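Trainee: What follows is a predicted protein model with its sequence.
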Amino acid sequence: MSLNAKPAAWTLRFFPARHATAGGDGQDRFASGQGPHRHRARISAALVLDRDRLQESTGTVQSWKFHDFVSTFQLMLPHRVEKIHQALAGGDWEGARRAAQSLSWSASKAGACRLELIADLIDADLQSGRKTRAREAACLLQGAATELATALALLTAG
């Protein structure tokens, strides 16, 4: 089974329902072409785990550096995702940007292309003042993190 394999319904499962995305003006943000909807193809096409990029950053699967990085990354991943959610929920936009940038950087080192893309999208939305859209993109984080954790576990088990 490929590390990028996913069920056919994956793309739809991790996007919020249309009724949950209406803006303050009652307009459906997905219907207006805003939010993660327009990035759906790019996000779903991104690799869950780019093994070559991970090994370029950390060494081979047999090295202690690789295992040290992967175990630390896996340990910190839930905290990094939660930090973004908490900052967004509390209206701490700068804190959410910093947390998204931190996740993006570490995801880049880990070869977590999909997670990196989502974190970059959150950062870009917050930087341009699109807070609702950043919250919509954040709904994708948990699914991407879970898929990544599974891919990393398969890689280190083999």
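Mentor: Perfect, I can see it now. Numbering: from 1, shown residues only.

Trainee: Which parts of the chain are helices?
Mentor: With DSSP state H, the ranges of helices along the chain come out as 10-13, 40-45, 51-58, 64-89, 93-110, 113-127, 131-138, 141-157.

Trainee: Need the winner for burial among these.
Mentor: helix 113-127 (a mean of 23; mean count of other C-beta atoms under 10 Å). Placement of C-beta: from N, CA and C, glycine included.

Trainee: and it, what's its mean pLDDT?
Mentor: For helix 113-127, mean pLDDT rounds to 95.

Trainee: ok, now stretch 74-87?
Mentor: Rounded mean pLDDT across stretch 74-87 is 96.

Trainee: then it to CSV, C-alphas only?
Mentor: In CSV, the C-alpha atoms belonging to stretch 74-87 read as follows (Å, rounded to 0.1, in the frame of the first residue of the first chain):
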residue,chain,number,x,y,z
GLN,A,74,5.3,12.6,16.3
LEU,A,75,5.4,13.6,20.0
MET,A,76,5.0,17.3,19.2
LEU,A,77,2.5,17.1,16.3
PRO,A,78,-0.7,16.9,18.4
HIS,A,79,0.5,19.9,20.5
ARG,A,80,1.4,21.9,17.4
VAL,A,81,-2.0,21.3,15.8
GLU,A,82,-3.8,22.1,19.1
LYS,A,83,-1.9,25.3,19.5
ILE,A,84,-3.2,26.5,16.2
HIS,A,85,-6.8,25.6,17.1
GLN,A,86,-6.6,27.2,20.5
ALA,A,87,-5.1,30.5,19.1
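
Trainee: right, and residue 155 touches residue 51 too?
Mentor: Yes: judged on C-beta atoms under 8 Å, residue 155 makes contact with residue 51 at a distance of 6.6 Å.

Trainee: quick one, what contacts residue 125?
Mentor: 131, 133-134, 137 (C-beta atoms under 8 Å, 6 or more residues apart in numbering).

Trainee: To clarify, my last question referred to residue 135.
Mentor: Neighbours of residue 135 in contact, by C-beta under 8 Å, 6+ apart: residue 88.

Trainee: Next: residue 114.
Mentor: Contacts of residue 114 by C-beta under 8 Å, 6+ apart are 43, 46-48, 144, 147-148.

Trainee: Quick one: low-confidence residue ranges for the protein.
Mentor: Applying pLDDT under 70 to the chain flags the ranges 1-38, 158.

Trainee: I am finished for the moment; much appreciated.
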